[in-house]
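> This is the structure alone, sequence omitted:
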């Protein structure tokens, strides 16, 4: 839930929500990429490009987390039986 008692808290809550959603999407993309790599569906060049792009996204996500003063735990949702985000 986003606490909107002040603009700064609302901004932080919104940043947490958006970054968490991005993290979920990145995790899903990584899982799909792993499946495709293991299935032999990607060329070596595609694998390298994919790895570099995923690294760049992770780096930007980390930068944004720091800009908004969020801890890693803030983006680690408990998904119940599915477990926690990493």
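Received the coordinates, thanks. Because the structure is predicted, anything quoted here is derived from the model rather than measured.
> Spatially central residue for this structure, please.
Geometric centre of the chain, nearest residue: residue 23, 1.5 Å, by CA atoms, centre = their mean.
> three-state assignment of it?
Judged by DSSP: H, G, I helix; E, B strand; the rest coil, the three-state class of residue 23 is helix.
> right, and it touches residue 62 too?
No. Counting by CB atoms under 8 Å, residue 23 does not reach residue 62; the two are 10.4 Å apart. Bear in mind the C-beta positions are built from the backbone N, C-alpha and C, glycine included.
> so where's the chain uncertain?
Segments of the chain classed as low confidence (criterion: pLDDT under 70) are 1-4, 85-86.
> Now do the strands in it.
Assignment of strands within the chain using DSSP state E yields no ranges at all.
> Chain neighbours aside, what residue packs nearest to the residue nearest to the centre of the chain?
When the adjacent residues along the chain are set aside, residue 23 lies closest to residue 75, with 5.3 Å between them (CB to CB, 6 or more residues apart in numbering).
> Many thanks, we can stop here.
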